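Enquirer: Next input, structure requested:
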Amino acid sequence: MGGENGLTPFYDVAKKMMGVETNPKVWEADELLRDTATEMGFGQTFKHTPAGVFFGEAGKTVSDPYFGGEGPDRTGCNYCGGCMVGCRYNAKNTLDKNYLYFAEKLGAQVIPETTVVHIKPLSADGSEGYEIHTRSTTGLFGFPKRVFRTKGVVLSAGVLGTLKLLLKHSQKGWLPGLSPRLGDVVRTNSESLIGVSSLDRSHDFSRGIAITSSVYPDADTHIEPVRYPKGSDAMNFLAAPVLVDGGGKVPRQIRFLLGILRHPIRAIRMLIPFGFAKRSIILLVMQSTDNYIRIQRKRRWFWPFTKSLTSSQEHHQKIPTFIPIANEFARRMANRMGGVARSTVNEVMLDIPSTAHVLGGACISSSPEEGVV
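Expert: Next comes the predicted model:
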């Protein structure tokens, strides 16, 4: 598709449709991020993030500010921190306010709460169209179930939704023309998620939009502070009570236990979820290194009754489960705020990274032997 130069015009269109603006405000978490970066020698890289949010005047509803009045009304952001759990104040530029809004306005029918379970070609090559079998996502036992006929299908269910559907079709022979490369070259942002929780409950890191700023330790790495709104404390159960480095000869699980034994009272305090969102900063550390995984559909040993998606690292350069600069940054920020740096549970117990950004699996290429589209 022409690489970066070929994609840039489409990014520009998407930014216009999503109403992307630069975050105008910084908060206590951003100041900690900037001060920690300055301490480590890259404070000059501090930036406010671009975001698809209507900033306007907090709490004030105005007529569509993006599409010449053709779109829906918007309300100025009040910086409650609730972007990640769903904006309740009409400030976040979600798809129902732009792409889907105009699709319906121009005559498209959007059928919500419906899951596609089977795509059936009406001829061997699909030239005569397809039957789309669906079930209700929210109805009892999947009812009502409906069948649609169409001349063509554009499948856009995200990486996991698309692969779940197409891998099932490939294994059952329902779409025999699918490339064997389906599920290959699935990329992430090579990220690490690290919590930093204050022991002082007077702090409030929940104010602001979900991600407000970033810093760049090196050419391949950048760090952002992520927040959830006050009261969204269930995320605490995904965070270990201590920060554990990877690598070396001692298993990470052993180091995890030793870390708890060194500070048992503090570890117990970290397990108490109440107030987590208010007193914690989640550091999202991402890298632009070249690595990928493969996603397959198979039975898992802990639930052999049905097949589900699973990943494997088959590339020579594996996605990291430990980013040294990320842990160092988290420790320094924790010292600065008088708090505790914390790994995610899956990293310390399973030595498996997590991601908020999954891409690929149905790559564009010139032949079925090299890609899917």
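Enquirer: what number of residues lie near Phe103?
Expert: That one is not Phe; residue 103 is Ala. 14 (other Cβ atoms under 10 Å). No exception for glycine: its C-beta is placed from N, CA and C like everyone else's.
Enquirer: you'd agree Thr310 is up against Arg299?
Expert: No - Thr310 is not in contact with Arg299 according to Cβ atoms under 8 Å; the separation is 9.2 Å.
Enquirer: Regarding the chain, what is its longest strand?
Expert: The strand that spans the most residues within the chain, counting by DSSP state E, is strand 303-312.
Enquirer: Tell me the helix or strand right after that strand.
Expert: Tracing the chain past strand 303-312, the next element assigned as helix or strand by DSSP states H and E is helix 324-337.
Enquirer: any idea how far the closest residue to Lys298 other than its chain neighbours is from Val358?
Expert: Excluding the flanking residues, the one nearest Lys298 by Cβ to Cβ, 6 or more residues apart in numbering is Lys307, at 5.7 Å. Per Cβ to Cβ, to the nearest Å, Lys307 is found 19 Å from Val358.
Enquirer: repeat for Ile364
Expert: Taking Cβ to Cβ, one finds Ile364 at 17 Å from Val358.
Enquirer: for Gly43, phi and psi?
Expert: phi -60, psi -30 (degrees, to the nearest 10).
Enquirer: Spit out the contact partners of it.
Expert: When contacts are counted by Cβ atoms under 8 Å, 6 or more residues apart in numbering, Gly43 is found next to Arg34, Asp35, Ala37, Val215.
Enquirer: swap the cut-off to 6 Å and go again
Expert: Taking Cβ atoms under 6 Å, 6 or more residues apart in numbering, we find Gly43 in contact with Arg34, Ala37.
Enquirer: ditto for the one 4 residues further on
Expert: Counting by Cβ under 6 Å, 6+ apart, Lys47 touches Ser214.
Enquirer: 8 Å instead, please
Expert: Ser213, Ser214, Val215.
Enquirer: Among the residues you listed, which one lies nearest to Met18?
Expert: Ser214 (18.3 Å; Cβ to Cβ).
Enquirer: Burial check on that closest one, number of neighbours?
Expert: The number of residues near Ser214, taken as other Cβ under 10 Å, comes to 19.
Enquirer: Pretty sure it sits in a helix.
Expert: No - under DSSP: H, G, I helix; E, B strand; the rest coil, Ser214 sits outside any helix and is assigned strand.
Enquirer: surely it meets His222?
Expert: Yes - using Cβ under 8 Å, Ser214 is in contact with His222, at 5.1 Å.
Enquirer: How about the contacts made by the residue lying closest to Gly56 once chain neighbours are set aside?
Expert: Excluding the flanking residues, the one nearest Gly56 by Cβ to Cβ, 6+ apart is Gly76, at 3.3 Å. By Cβ under 8 Å, 6+ apart, the contact list for Gly76 reads Phe54, Phe55, Gly56, Glu57, Ala58, Gly59, Lys60, Thr61, Val62, Ala91.
Enquirer: for stretch 267-284, how far is the first residue from the last?
Expert: End-to-end span of stretch 267-284 (Cα to Cα, to the nearest Å): 22 Å.
Enquirer: hang on, I meant stretch 271-285
Expert: Note: stretch 271-285 ends 23 Å apart using Cα to Cα.
Enquirer: ok, now stretch 363-373?
Expert: Terminal-residue distance, stretch 363-373 (Cα to Cα): 6 Å.
Enquirer: Going by neighbour count, list what's buried in that stretch.
Expert: Cys363, Gly371, Val372 (16 or more other Cβ atoms under 10 Å).
Enquirer: now swap in stretch 227-238 and tell me
Expert: Those buried within stretch 227-238 under the rule 16+ other Cβ under 10 Å are Arg227, Tyr228, Pro229, Lys230, Ser232, Asp233, Met235, Asn236.
Enquirer: Show me how this protein divides into domains.
Expert: Residue ranges for the domains of the chain, per automatic domain parsing: 114-179, 189-357.
Enquirer: how long is the first one from one end to the other?
Expert: Here the two ends of domain 114-179 are set 27 Å apart, with distance taken as Cα to Cα.
Enquirer: Give me the average confidence score over it.
Expert: For domain 114-179, mean pLDDT rounds to 95.
Enquirer: again, but for stretch 359-373
Expert: Stretch 359-373 comes out at a mean pLDDT of 88.
Enquirer: Other residues contacting that stretch?
Expert: 1, 159, 162-163, 166, 177-188, 292, 295.
Enquirer: Let me have the domains of the chain in CSV, extended by distance to Ala14.
Expert: Supplementary listing: those in CSV, determined by distance: least, Cβ to Cβ, whole Å:
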stretch, distance to Ala14
domain 114-179, 14
domain 189-357, 16
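Enquirer: Return the most buried member of these.
Expert: Highest mean neighbour count among these (mean count of other Cβ atoms under 10 Å): domain 189-357, with a mean of 17.
Enquirer: what's the spacing between stretch 229-237 and its chain's center?
Expert: 17 Å (Cα atoms, centre = their mean, to the nearest Å).
Enquirer: try stretch 354-366
Expert: 13 Å.
Enquirer: Straight-line length of that stretch, end to end?
Expert: Note: stretch 354-366 ends 31 Å apart using Cα to Cα.
Enquirer: Check stretch 148-165 too.
Expert: With Cα to Cα, one end of stretch 148-165 sits 17 Å from the other.
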